[in-house]
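Visitor: Okay, here's the prediction I keep looking at, along with the sequence it came from:
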Number of protein chains: 4
Amino acid sequence: MEATLNKQDLILSAALSLFADRGFDGTTVPMIAEAAKVGAGTIYRYFENKEALVNTLFEQGTLALTEATVGQLYQEGDDVRTQFRHFFYGMVTFAKQDINGLHFLVTHAQGWYLTLENKQLFEQLQKGLYAFCDYGIEQKMIRSMSSPVLIAIVFGAFKELYNAVRLGGVVLSAELIEQVEECCWNAIEYKK
Amino acid sequence: MEATLNKQDLILSAALSLFADRGFDGTTVPMIAEAAKVGAGTIYRYFENKEALVNTLFEQGTLALTEATVGQLYQEGDDVRTQFRHFFYGMVTFAKQDINGLHFLVTHAQGWYLTLENKQLFEQLQKGLYAFCDYGIEQKMIRSMSSPVLIAIVFGAFKELYNAVRLGGVVLSAELIEQVEECCWNAIEYKK
Amino acid sequence: MEATLNKQDLILSAALSLFADRGFDGTTVPMIAEAAKVGAGTIYRYFENKEALVNTLFEQGTLALTEATVGQLYQEGDDVRTQFRHFFYGMVTFAKQDINGLHFLVTHAQGWYLTLENKQLFEQLQKGLYAFCDYGIEQKMIRSMSSPVLIAIVFGAFKELYNAVRLGGVVLSAELIEQVEECCWNAIEYKK
Amino acid sequence: MEATLNKQDLILSAALSLFADRGFDGTTVPMIAEAAKVGAGTIYRYFENKEALVNTLFEQGTLALTEATVGQLYQEGDDVRTQFRHFFYGMVTFAKQDINGLHFLVTHAQGWYLTLENKQLFEQLQKGLYAFCDYGIEQKMIRSMSSPVLIAIVFGAFKELYNAVRLGGVVLSAELIEQVEECCWNAIEYKK
DNA sequence: AATGAATGAGCCTTCATTCAT
DNA sequence: GATGAATGAAGGCTCATTCAT
């Protein structure tokens, strides 16, 4: 069944866990090899070096998160409140899929080892979210504030929450997620 | 003015910046020495090793943040809303004092190099904040949710915001801070 | 011929020479690596650290010397004089096999880096020799003196002699060895 | 009373103990400073560097041992047996004076840090002893053997014995010393 | 293709030596 | 003269990377 996981995926998956837990610099290639159950040399058949590996993970993650969030916005006929919900549940889905993926992305987004392309890719994601905020402000649905601040609030809250989940301190029920979504919306919604 | 800074403080300050930017494992002792403008060996006159250095910073930071936040709570005669404001402005003051300090703390709180004492110190801080949430819930001023979740939301938002400030993407005016404080309160306040 | 020597043996052999010549603290790992014609890192594939390396050598040497000396004693039917000869030629054989081995052992037997096990192993060797002296005294073949003193005399003489050989100042012929053996026996034999 | 010991002597004395115990390379300058109860910098007021310090000790020791041994030989009217006794008791006196001095000399005589002058000084001492042996052989009082071998036997035995004393395993009474002297003489005396 | 032994650059740390006080 | 804080060269050791099998 899961024998279909090829070596490259094994390596990527092992590396993601370790990077999320210990950071790029705190993770050694032998650690990844052992966790992926491959020889250390094998990693270099699939990735030019350790930096290429982290950049591959970062790119995949950023693209997936972009798709899961920005990609949910602007669905025809949706009002800003609904779009926000879609955006939020996009993050939830992304986070659920791989509890480490989100933490890896946010803890490695400023890494010195990231390529310019990947740094820009992450900025694109942020800009997409800023644009949504600006649209919501225009529609008088979202508080009139600098959109990076608004995104920081929502995204920061979400990120911290899932970090607590990842570390085992919090268990999220569907109901709780719904409440958190409401909290986040309350934080940024436009008040008459 | 600042010529009074002794070598130990120079080292601590340089290390804090570098740890905040590159993480513990991504920062080398020679990097710290160069940034502090001291010889590499000098660092070992003040700190037993690199781990002792990071633990000193972590302890100082955690104590200061505890004082700045939990220490602001439960002032006589204050209602929950006012206490929250004090707590929030405590964080603002802390963050303003050393823009790297907050980011350092949160990015290093799970580090393998932390002593048990420091891990417990940080947990104490969290527990203090949870207790405040529970009190607010009891007073029907804060939404009835698991307090770690509430703290994650407020603290995550704040942290992300100041990270944006640290990275230069956001400039905080007094007015903007006030608004953010309101946002955070809105996120968690009790709704009839 | 000796192309069969594996890396571990190359390292052990190079380390033995250097330790014998310069002592443990005066020998650097890069020195050993160069002498063994391996990379410095390779040494750590075979030995946990420099101390483990010196302890391996010490253990091997002590066991071999014990076998070569104490192991020669108490052969059935041998009188004390013959046993002494066997003991002496056991040392000769040991010293010939590796001219550095004996000097390494005696110069490192008090080292702070030795494990308790190795210190005890060396003490066992000494005790074995003491026991032989006590036996010889009982048989009225060896002078009645404290056995550590008797052993110090014979062993010290032998050791110093082979150190002179090692340093190139003395060449030992079979005949000379025989004479030295007689000298040593004369030193400790029982006189009517 | 002993306040007359100046700093230089304090340093020399502390260094001698430490070198004898841990060897030159295993002894650090701060160790010496602490044992001598002076600042580390003070050592450099009296000695150009660590090597100069060890060479000073080695020179003093070699000269004193030469005086104590070779200096006792060839006293008018003494036969070879008596001269040997004087030589032997010269060593005893030397060793008694500073139990570490003898061990320091013999364990450091091949050190890479010794100056050529000091190496030659030590060789002179050896040559003086060789000459005595040759004289004794000529007089048919000492066994006809290569004199370095004879010296190795006597000196090696003596050295090892006093090392045992130094390490606390053996206590030498006047009577025991007399016996050991006899043993050593027996080892090398001419047999009809 | 896969491995892991081997390598050496670079890390953390120590310590001989200097120098301002 | 005496000190010990400061330094940086060098040591022990790790680990990213290569390559023979």
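Guide: Looks like it came in fine.

Visitor: If you count neighbours, what's buried in the longest helix seen in chain A?
Guide: Counting by DSSP state H, the longest helix found in chain A is helix A:116-138. Using 16 or more other C-beta atoms under 10 Å in any protein chain shown as the test for burial, helix A:116-138 gives A:118, A:121-122, A:125-126, A:128-130, A:132-133, A:135-137. In this view, the C-beta of every residue, glycine as well, is placed from N, C-alpha and C.

Visitor: Switch those over to CSV, and while doing so, append distance to DNA strand F to every line.
Guide: What follows is the buried residues of helix A:116-138, written out as CSV (distance: C-beta to the nearest atom of the strand, whole Å):
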residue, distance to DNA strand F
A:Asn118, 17
A:Leu121, 22
A:Phe122, 22
A:Leu125, 27
A:Gln126, 29
A:Gly128, 32
A:Leu129, 33
A:Tyr130, 35
A:Phe132, 38
A:Cys133, 39
A:Tyr135, 43
A:Gly136, 44
A:Ile137, 45
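
Visitor: between these, which is closest to DNA strand E?
Guide: DNA strand E lies nearest to A:Asn118 out of the buried residues of helix A:116-138, by C-beta to the nearest atom of the strand, at 22.4 Å.

Visitor: Can you name the next helix or strand after the helix or strand where A:Leu63 lies?
Guide: In this assignment (DSSP states H and E), A:Leu63 forms part of helix A:50-69. Beyond helix A:50-69 on the C-terminal side, the first helix or strand identified by DSSP H and E is helix A:80-97.

Visitor: for A:Ile151, what are its contacts?
Guide: Applying C-beta atoms under 8 Å, 6 or more residues apart in numbering or on different chains to A:Ile151 gives the contacts A:Gln126, A:Leu129, A:Tyr130, A:Cys133.

Visitor: Which helix or which strand is home to it?
Guide: helix A:147-166.

Visitor: quick one: average confidence on the longest helix of chain A?
Guide: Helix A:116-138 comes out with an average pLDDT of 94.

Visitor: now stretch A:26-46
Guide: Stretch A:26-46 shows a mean pLDDT of 96.

Visitor: Can I get that stretch in PDB? Just the C-alpha atoms.
Guide: Output of stretch A:26-46 as PDB, limited to C-alpha atoms (Å, rounded to 0.1, in the frame of the first residue of the first chain):
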ATOM      1  CA  GLY A  26      20.200  21.600  13.900                       C
ATOM      2  CA  THR A  27      19.400  18.700  11.600                       C
ATOM      3  CA  THR A  28      22.300  16.700  10.100                       C
ATOM      4  CA  VAL A  29      22.200  14.800   6.900                       C
ATOM      5  CA  PRO A  30      22.900  11.500   8.700                       C
ATOM      6  CA  MET A  31      19.800  12.200  10.900                       C
ATOM      7  CA  ILE A  32      17.700  12.600   7.800                       C
ATOM      8  CA  ALA A  33      19.200   9.400   6.200                       C
ATOM      9  CA  GLU A  34      18.400   7.400   9.300                       C
ATOM     10  CA  ALA A  35      14.900   8.700   9.700                       C
ATOM     11  CA  ALA A  36      14.200   8.000   6.000                       C
ATOM     12  CA  LYS A  37      15.900   4.600   6.300                       C
ATOM     13  CA  VAL A  38      18.200   5.300   3.400                       C
ATOM     14  CA  GLY A  39      22.000   5.600   3.100                       C
ATOM     15  CA  ALA A  40      23.400   9.000   3.600                       C
ATOM     16  CA  GLY A  41      24.800   9.000   0.100                       C
ATOM     17  CA  THR A  42      21.400   8.300  -1.400                       C
ATOM     18  CA  ILE A  43      20.200  11.700  -0.400                       C
ATOM     19  CA  TYR A  44      22.700  13.200  -2.800                       C
ATOM     20  CA  ARG A  45      21.200  11.200  -5.700                       C
ATOM     21  CA  TYR A  46      18.000  13.100  -5.300                       C
END
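
Visitor: excluding its backbone neighbours, what's nearest the residue nearest the centre of chain A?
Guide: Closest residue to the average C-alpha location of chain A: A:Leu102 at 3.5 Å, with C-alpha atoms, centre = their mean. Once flanking residues are discounted, A:Leu102 sits nearest to A:Ala95: 4.7 Å by C-beta to C-beta, 6 or more residues apart in numbering or on different chains.

Visitor: For the one you found, the count of nearby residues, please.
Guide: 24 (other C-beta atoms under 10 Å in any protein chain shown).

Visitor: Enumerate every residue touching it.
Guide: A:Gly101, A:Leu102, A:Phe158, A:Tyr162, A:Val165.

Visitor: Any regions of chain A where pLDDT drops low?
Guide: Where chain A drops to pLDDT under 70, the residues are A:1-4.

Visitor: residues from it in reach of DNA strand F?
Guide: By the rule C-beta under 7 Å from any atom of the strand, the part of chain A lying against DNA strand F is A:Thr27, A:Thr28, A:Val29, A:Pro30, A:Ala40, A:Gly41, A:Tyr44, A:Asn49, A:Lys50, A:Glu51.
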